[in-house]
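K.L.:
Pasting a predicted model and its sequence here:
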Amino acid sequence: MRAFRSEWFKLTRSNTLFGFGGAMVGLALLFTALAFLSVGGADVDLDGGESEGFVTAAVLSASDGSVFASTNLASMLGIVALALFASSMAGEFNKGTIRMLFVAEPNRIKVLAGKLAALALFVVAGVAAAMTASIGIGALLAPSAGVDTSNWWTTEGLTAIGLSYVNIAGAVLVPGLIGAAIAILTRSSAIAISVVAAYFILGEALISGFWDTLALWGPSAVSNALAVGGIGGAGMMGGAAPVIAYATAATLALVYAIVSVAISAAILARRDVTS
């Protein structure tokens, strides 16, 4: 598809590749290093008592310890995906290149599908790179932190890595697709990024204080729950994520994605392009 090839060519340019892709990998390396360095030989308390470290060695030594940092970093990776989707979609309008795309491919839905497919592929590849970097530096830092990584490479551990990748990739795409819809609606990457980022980072948490249902059904809560496998855990900016069943989180994430794409398609198909 021409729209896909055109978008992929832009995504593989050095400024985008190292800017957005590098941000995802860099965040993974930083967060993982902080997690392992904070253990610092702290005493392990399996009964939930206080520990000197940010996370205990027992948690990181578990079969899913290799993806601890990645799952808790998913919300920040989602913000990077949001910035990428929003800047790409709004940029077509700001630079006037959207008209050229429509001349080359009159079917606007195909143009949207190609662009979103390329952006999604870039993001899921970025998630894979980030997780690989996280697991790699974790394995290097494990001995000094007193973490036993033998469970990481068992069948259970490798399964945890695979499932976490699928969950994180799905969770990261939700804010990205929502950001794309807002960017097409407003034709402004700044508005889309600021509005969606503010909502995911702080807005939903504040509104949930008055509307409890949003804590279980909102896109931010759903993304956080999906990233950690639907069991609750660390939410956006370190806050506690509500306990949401995995099937519920996965279903709602898919619904949010479909609705976002449908809104983008409806706007793009009907709105006149004058610049």
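P.N.:
Here it is on my side, so go on.
K.L.:
what are the ranges of the helices in the stretch 1-150 of the chain?
P.N.:
Secondary structure of the stretch 1-150 of the chain (DSSP state H, counting those that start in this stretch): helices at 2-11, 14-16, 22-39, 57-61, 68-94, 97-104, 108-145.
K.L.:
Give me the below-cutoff pLDDT ranges for the stretch 1-150 of the chain.
P.N.:
Along the stretch 1-150 of the chain, segments meeting pLDDT under 70 span 40-54.
K.L.:
circling back to that earlier point, export the helices of the stretch 1-150 of the chain to JSON lines and tack on mean neighbour count and distance to residue 172?
P.N.:
For every residue, glycine as well, the C-beta is placed using N, CA and C. Converted to JSON lines, the helices of the stretch 1-150 of the chain look like this (neighbours: other Cβ atoms under 10 Å; distance: least, Cβ to Cβ, whole Å):
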{"stretch": "helix 2-11", "mean neighbour count": "17", "distance to residue 172": "15"}
{"stretch": "helix 14-16", "mean neighbour count": "11", "distance to residue 172": "17"}
{"stretch": "helix 22-39", "mean neighbour count": "19", "distance to residue 172": "9"}
{"stretch": "helix 57-61", "mean neighbour count": "20", "distance to residue 172": "22"}
{"stretch": "helix 68-94", "mean neighbour count": "24", "distance to residue 172": "5"}
{"stretch": "helix 97-104", "mean neighbour count": "15", "distance to residue 172": "25"}
{"stretch": "helix 108-145", "mean neighbour count": "20", "distance to residue 172": "6"}
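K.L.:
Of the ones you listed, which is nearest residue 193?
P.N.:
Minimum separation from residue 193 across these (Cβ to Cβ) falls at helix 68-94, 4.9 Å.
K.L.:
list the helices and strands the closest one packs on?
P.N.:
Contacts defined by 3 or more Cβ pairs under 8 Å, 6 or more residues apart in numbering; DSSP states H and E place helix 68-94 against helix 2-11, helix 22-39, helix 97-104, helix 108-145, helix 155-186, helix 189-198, helix 219-227, strand 233-234.
K.L.:
swap the cut-off to 6 Å and go again
P.N.:
If contacts are counted by 3 or more Cβ pairs under 6 Å, 6 or more residues apart in numbering; DSSP states H and E, helix 68-94 sits against helix 22-39, helix 108-145, helix 155-186, helix 189-198.
K.L.:
could those helices be laid out in a markdown table, adding distance to residue 73?
P.N.:
Compiled in a markdown table, these are given as follows (distance: least, Cβ to Cβ, whole Å):
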| stretch | distance to residue 73 |
| --- | --- |
| helix 22-39 | 5 |
| helix 108-145 | 8 |
| helix 155-186 | 8 |
| helix 189-198 | 16 |
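K.L.:
Out of those helices, flag the one nearest residue 91.
P.N.:
Nearest to residue 91, of all the helices and strands packed on helix 68-94, is helix 189-198, at 6.5 Å by Cβ to Cβ.
K.L.:
Okay then, goodbye and thanks.
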